[in-house]
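S.K.: Can you look at this prediction? I've put the sequence above it.
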Protein chains: 2
Amino acid sequence: MPSLRLVAAQLDTVVGDLEGNVERIRAALARAEATGADLCVFPELAITGYPPEDLLNKPRFVADNLRALAEVAAATGRCAAVVGFVEQLGPAPPGLPAPLGNAAALCAGGRLVGTYRKRLLPNYGVFDERRWFVPGEKVGDLYLIAGVRVGISICEDLWFDDGPVADLGRAGAQLVVNINASPYSRGRRAERLAVLETRVAEAGCAIAYVNQVGGQDELVFDGASLVVSADGSLLAAGRQFHEDLIEIDLPLPERPHPGSAGAIITVSAERRRDPVRDAPAVPEPLSAAAEVYEALVLGTRDYLAKNGFTDVVIGLSGGIDSSLVAAVAVDALGATHVHGLSMPSRYSSEGSIADAATLAERLGIDLRVVPIERAHVALSDVLEPLVGGAPAGLTDENLQSRLRGVLLMAVSNDTGWIVLTTGNKSEMATGYSTLYGDSAGGFAVIKDVPKTLVYELCRYRNGRDGPGPGPIPEAVLDKAPSAELRLDQRDDQSLPPYDVLDPVLTAYVEEDRTPPEMIADGFDPAVVEQVVRLVDGAEYKRRQMPPGVRITMKAFGKDRRMPITNRYRSRREPSGAGGG
Amino acid sequence: MPSLRLVAAQLDTVVGDLEGNVERIRAALARAEATGADLCVFPELAITGYPPEDLLNKPRFVADNLRALAEVAAATGRCAAVVGFVEQLGPAPPGLPAPLGNAAALCAGGRLVGTYRKRLLPNYGVFDERRWFVPGEKVGDLYLIAGVRVGISICEDLWFDDGPVADLGRAGAQLVVNINASPYSRGRRAERLAVLETRVAEAGCAIAYVNQVGGQDELVFDGASLVVSADGSLLAAGRQFHEDLIEIDLPLPERPHPGSAGAIITVSAERRRDPVRDAPAVPEPLSAAAEVYEALVLGTRDYLAKNGFTDVVIGLSGGIDSSLVAAVAVDALGATHVHGLSMPSRYSSEGSIADAATLAERLGIDLRVVPIERAHVALSDVLEPLVGGAPAGLTDENLQSRLRGVLLMAVSNDTGWIVLTTGNKSEMATGYSTLYGDSAGGFAVIKDVPKTLVYELCRYRNGRDGPGPGPIPEAVLDKAPSAELRLDQRDDQSLPPYDVLDPVLTAYVEEDRTPPEMIADGFDPAVVEQVVRLVDGAEYKRRQMPPGVRITMKAFGKDRRMPITNRYRSRREPSGAGGG
């Protein structure tokens, strides 16, 4: 049976870091060469990092990327490399950018052997590839590597029936490598595996799906590369949320080459002599809660590390959201790099103050306590002539929240620590937060995590390391959610209970259902009316939120581009687009 | 000579307001019918407003838009209408959105006669049309209206040589209507006129370019519709930044119909009997400063009106930025709806305090003065244990700025007035602002106006209404720019002088030049290095800024999609992505 020694290099590249990415690629190449591999496969746009976005509008950036690719090509030896880069397809027409391709290079023996240009360009959800790239129009070439015919495809190319991968199968490929920058969303690994099973059946060849790993602004790439044989078996898999070099002696189908298909480019005809090694064990996929938790940890760690931060400061209220954020931060950075700030007000309960202290102690992080009463009184006094009496109601609630934001940001300015905000997706959706208050900070760790999932993740984290109490106090999980900005406040005075709210939000935000459809689906009309009004009215707030980790198929951000000014389903009151 | 009585309906539609947009269209149709017009032309996507963005992902929204179009069609009589709408091209495949077209309907006699689908879809700059639409593949049909052959094109279709308009010319069109949602940028009207002159020469027919007007989030549409004869003369033009119905008896070329071209759909064969009227006078184009100023006024007025706000509150420092914003706000809303807040600190100069008062008096707006000293001291005291002594340096500067942000937002919460922020583009670019401080608010009027242009606009506004002092005190124009957050502070201690800075920013931000190219162009290397570092390092701040009026070809926002995490041209220090 034909075979190939393959290395899937599941790397954590950095956008724009051309020198660094070349170094990362060269290190993996050296390792592949040393282990006698025939082919080493890198992720989509590994040279530039993904997504480089409007860096692609800089002609010099594209030229620098080509120089970086030449360095990678020069570093190849007997082991061939497939590496993603930006191809320039011609000169720039006057006043327009040059046409570019999202491409893969096949390099070997110190030189560039051939290229393939991505044919299907995603331009939905978080993807804007049509903004920068021209789609490829040709079926990819086949490369003869160690006697095996190998075809190349890129990410989206894999996802359509009778598409580019089927074309490569028809041309006689024994192996198709599919290079990816595929962001994580819940359950994504299983979806990819299902598509791969369909695709190998259709194409009649094995597929090596190689994904990047790491955080890039709101996106987190989960790695989880997958190698599937022509008969649909999962032969090897990369770790989830960690860099990995997956080395496998890959058995491939005997397939006649249809004489009618295109030319085959010979790269390395000789077969390797080494004995075939056992395939590495396929790692057990993470549980539903664990994969989200790990996504949050990696997304946070990479955002900070790639932007030069070592430490974070978090306002710890004793509530469940800030408790989860603190736990994630400790797992991302280590306890000594996480700093808690407790800022109790006249409305903070004894329980909450104690819970924050217990959490900090169990996590091993430092906690400073700064009551805000004096500053609250001073600000109220200054405001009195402006608002005609002591601030009350929403004005006073927001005042407390903003005062805390000011203190956290002052600590950040003084120390260089970044503020992690603690709002969850249910709050982001409904606008149940204070602009410049609890939403003030550099990274919003759980902004795409609905409140009901926040509970699940806390329970997961508490149980993760075996029996005994976890870091998050039981009282935090048990008490009724409250912002504690007025006496006896509870979230369910302003919002439906979260187990009612979250499914409505999923239907409206993630599934684009409209109120009449949701009511027809059986949701309570009054709840639907309230939730839709809140979500639409909070669009302006979401525009001013810090970035955070995307874990669903539709996060607030690039995924959901809603106008702020929007009268669809005529709302019955001012939208409050900027009110606070 | 053949002719046609045309009405170009330059309307201010509202995104998502299907019922309201139908009403606006019907009112213009009734007027056109009453004046004996043959054809009334509405802007691109007039039914939905432009851009509807991800509302298009809601199947129900598309269906509602089709019902709205049917209402418009039913309202037509003898006068034909061309109106932009969203066409559904087929059923939605499982799990995918239905294919849609950015389309124009030709309606007459109470029914839909035909449709045309936009062939060239912009997917750059602020445009994402490939995200939602499938491009048209066919040359548009010709319609025989009052004996004249009329072709339809949509916006981008106009901008390419030998494109859809040339195709219509070859097919024998005597008039091409081009419906638009073309956002304003500086000098855009002249660019459009130049393209129209090229296009009529190529196509051999007249072109009626009909644009929408009004603000939609960051975009402002300037109207300025243009009717150009086959010989290149500008026959009629719509007002800039105002709704307009341009009525003209349009002379058209005698052209034989090439028998080989497609079918012609007869709409209204009879010619009108009315005597030909004189064309309306072409309004004089606004000056370079006036068009920017009017863009700011309309963008601000529409954002507020369309989101239900009547009043604004502005922090008046006595500086030039807040002075300009106040003047724009008064022109947008009227003086009684604009409220000034002066919040002097220990560092505010007497001159600045007096200048704010003079400005308010001349504009006729109310001004409340609230010294922040006591609150500043109280907050400093609370912070002392956290930052190891009295806050100093940047921490203290930001503290004052954030304190003012808290006061403004409290007034906003108490009154429902929206806070207008006062940062200019030079500050947005370099991050010379305080997150949650001076950048806190609902709408950032001058965020796309470079500082040097701020001066120009103030001089324009002061001179606009004839001799005598304008609203902005001369002292404001004369003094050195300063944030007044520490003793004897001046902007040029932190930034290059603005007349040096602004050209560097234009090259880097708007022209996508890289540092080596800019240095080769003759910019001072040290300045380039400093400015690039500041711009890259402030990306995270810009993500949290409120929307504001776009007046250049590259505003911060949808125009410039830069990653926050970005190591291109390896910066030498942490990027501060979230630091404050």
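M.R.: Yes, it's here.
S.K.: what's near enough to touch A:Phe523?
M.R.: Residues near A:Phe523 by C-beta atoms under 8 Å, 6 or more residues apart in numbering or on different chains: A:503-504, A:507. For every residue, glycine as well, the C-beta is placed using N, CA and C.
S.K.: residues in contact with A:Pro496?
M.R.: Contacts of A:Pro496 (C-beta under 8 Å, 6+ apart): A:504, A:527, A:530-531.
S.K.: mind running it again at 7 Å?
M.R.: Listed by C-beta atoms under 7 Å, 6 or more residues apart in numbering or on different chains, the contact set of A:Pro496 reads A:Val527.
S.K.: Next one, pLDDT for it please.
M.R.: You'll see A:Pro496 listed with a pLDDT of 95.
S.K.: Same question for the one 4 residues further on.
M.R.: Looking at A:Val500, its pLDDT stands at 97.
S.K.: next one: A:Gly259
M.R.: So, for A:Gly259, pLDDT stands at 68.
S.K.: How about residues contacting stretch A:327-345?
M.R.: Applying C-beta under 7 Å, 6+ apart, the set of residues contacting stretch A:327-345 is A:296-297, A:300-301, A:304, A:310-316, A:326, A:353, A:356, A:360, A:363-373, A:376, A:400, A:404, A:407-408, A:411, A:417, A:420, A:445, A:461, A:471-472.
S.K.: Just the buried positions in it, please.
M.R.: Under the neighbour-count criterion of 16 or more other C-beta atoms under 10 Å in any protein chain shown, stretch A:327-345 has A:327-333, A:335, A:337-345 buried.
S.K.: So which of these are in strands?
M.R.: The strands, defined by DSSP state E, take in A:338-342 from the buried residues of stretch A:327-345.
S.K.: Of the contacts of stretch A:327-345, which belong to strands?
M.R.: If you go by DSSP E, the contacts of stretch A:327-345 have A:312-315, A:366-369, A:420 in strands.
S.K.: Filter the residues you listed down to the buried ones.
M.R.: Using 16+ other C-beta under 10 Å, the buried members of those are A:312-315, A:367, A:420.
S.K.: Can I get the residues you listed in CSV including distance to chain B and pLDDT?
M.R.: Converted to CSV, these look like this (distance: C-beta to the nearest C-beta, whole Å; pLDDT from 0 to 100):
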residue, distance to chain B, pLDDT
A:Val312, 9, 98
A:Val313, 10, 98
A:Ile314, 13, 98
A:Gly315, 12, 98
A:Leu367, 12, 98
A:Leu420, 9, 98
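S.K.: would you list the residues you listed in JSON lines and tack on distance to B:Gly136?
M.R.: What follows is these, written out as JSON lines (distance: C-beta to C-beta, whole Å):
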{"residue": "A:Val312", "distance to B:Gly136": "51"}
{"residue": "A:Val313", "distance to B:Gly136": "54"}
{"residue": "A:Ile314", "distance to B:Gly136": "52"}
{"residue": "A:Gly315", "distance to B:Gly136": "53"}
{"residue": "A:Leu367", "distance to B:Gly136": "62"}
{"residue": "A:Leu420", "distance to B:Gly136": "48"}
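S.K.: ok, which pair from those is furthest apart?
M.R.: Greatest spatial distance in those: A:Leu367 and A:Leu420, 14.6 Å, computed using C-beta to C-beta.
S.K.: show me the contacts for A:Val227.
M.R.: For A:Val227, the contact set (C-beta under 7 Å, 6+ apart) comprises A:8, A:208, A:235-236, A:246, A:248, A:250.
S.K.: Closest one of these to B:Val82?
M.R.: Nearest to B:Val82 among the contacts of A:Val227, with distances taken as C-beta to C-beta, is A:Ala208, at 52.8 Å.
S.K.: for the closest one, phi and psi?
M.R.: Main-chain torsions, A:Ala208, degrees, to the nearest 10: phi -110, psi 110.
S.K.: What is the neighbour count of it?
M.R.: Using other C-beta atoms under 10 Å in any protein chain shown, A:Ala208 is surrounded by 27 other residues.
S.K.: Quick one: residues contacting it.
M.R.: Going by C-beta under 7 Å, 6+ apart, A:Ala208 touches A:6, A:8, A:41, A:175, A:177-178, A:227.
S.K.: Tell me how far it lies from A:Leu29.
M.R.: 16 Å (C-beta to C-beta, to the nearest Å).
S.K.: residues from the stretch 201-350 of chain A in reach of chain B?
M.R.: Selection of the stretch 201-350 of chain A residues close to chain B by C-beta under 7 Å from any C-beta of the partner chain yields A:216-217, A:303, A:306-309.
S.K.: Mind giving me the ChimeraX select for the residues you listed, buried ones only?
M.R.: Selection of the buried residues among those in ChimeraX, burial being defined by 16+ other C-beta under 10 Å:
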select /A:216,217,303,306,307,308,309
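S.K.: Which of the residues of the stretch 201-350 of chain A next to chain B sits closest to A:Gly163?
M.R.: Comparing those against A:Gly163 with C-beta to C-beta places A:Gln216 closest, at 26.3 Å.
S.K.: Show the contacting residues for the closest one.
M.R.: So A:Gln216 contacts A:15, A:49-50, B:563, B:565 (C-beta under 7 Å, 6+ apart).
S.K.: in the stretch 201-350 of chain A, what spans have low per-residue confidence?
M.R.: Along the stretch 201-350 of chain A, segments meeting pLDDT under 70 span A:259-262, A:269-276.
S.K.: in it, what residue is nearest chain B?
M.R.: Residue nearest to chain B within the stretch 201-350 of chain A: A:Gly308 (2.6 Å; C-beta to the nearest C-beta).
S.K.: host element of that residue?
M.R.: Under DSSP states H and E, no helix or strand contains A:Gly308.
S.K.: Which residue ranges of the stretch 401-550 of chain A form strands?
M.R.: Ranges of strands in the stretch 401-550 of chain A, per DSSP state E, counting those that start in this stretch, are A:418-421, A:443-444.
S.K.: JSON lines for those strands, including distance to B:Leu196?
M.R.: Formatted as JSON lines, these follow (distance: least, C-beta to C-beta, whole Å):
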{"stretch": "strand A:418-421", "distance to B:Leu196": "50"}
{"stretch": "strand A:443-444", "distance to B:Leu196": "47"}
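S.K.: Which of those sits closest to A:Ala98?
M.R.: For A:Ala98, the closest of the strands of the stretch 401-550 of chain A is strand A:443-444, at 34.5 Å, according to C-beta to C-beta.
S.K.: my guess is A:Val500 contacts A:Val528, does it?
M.R.: No: using C-beta atoms under 7 Å, A:Val500 is not in contact with A:Val528; the gap is 10.7 Å.
S.K.: if I read this right, A:Ser439 contacts A:Leu420, doesn't it?
M.R.: No: with contacts counted by C-beta under 7 Å, A:Ser439 stays clear of A:Leu420, the gap being 11.5 Å.
S.K.: Next, the closest residue to chain B within the stretch 1-150 of chain A: secondary structure please.
M.R.: Taking C-beta to the nearest C-beta, chain B has its nearest neighbour within the stretch 1-150 of chain A at A:Gly16, 3.2 Å off. Here A:Gly16 takes the coil state, with states given by DSSP: H, G, I helix; E, B strand; the rest coil.
S.K.: Against B:Arg459, how distant is it?
M.R.: 40 Å.
S.K.: Mind checking which of these two has more residues around it?
M.R.: A:Gly16 (26 against 14).
S.K.: per the record, what domains does chain A have?
M.R.: A:3-272, A:289-492 (automatic domain parsing).
S.K.: Quick one: these as CSV, columns for distance to B:Leu477 too.
M.R.: Formatted as CSV, these follow (distance: least, C-beta to C-beta, whole Å):
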stretch, distance to B:Leu477
domain A:3-272, 35
domain A:289-492, 29
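S.K.: Out of these, which is closest to B:Gly77?
M.R.: Counting by C-beta to C-beta, B:Gly77 lies closest to domain A:3-272 out of the domains of chain A; the figure is 40.7 Å.
S.K.: Let me see the ranges of the helices in the stretch 51-200 of chain A.
M.R.: Secondary structure of the stretch 51-200 of chain A (DSSP state H, counting those that start in this stretch): helices located at A:59-74, A:129-132, A:164-170, A:188-203.
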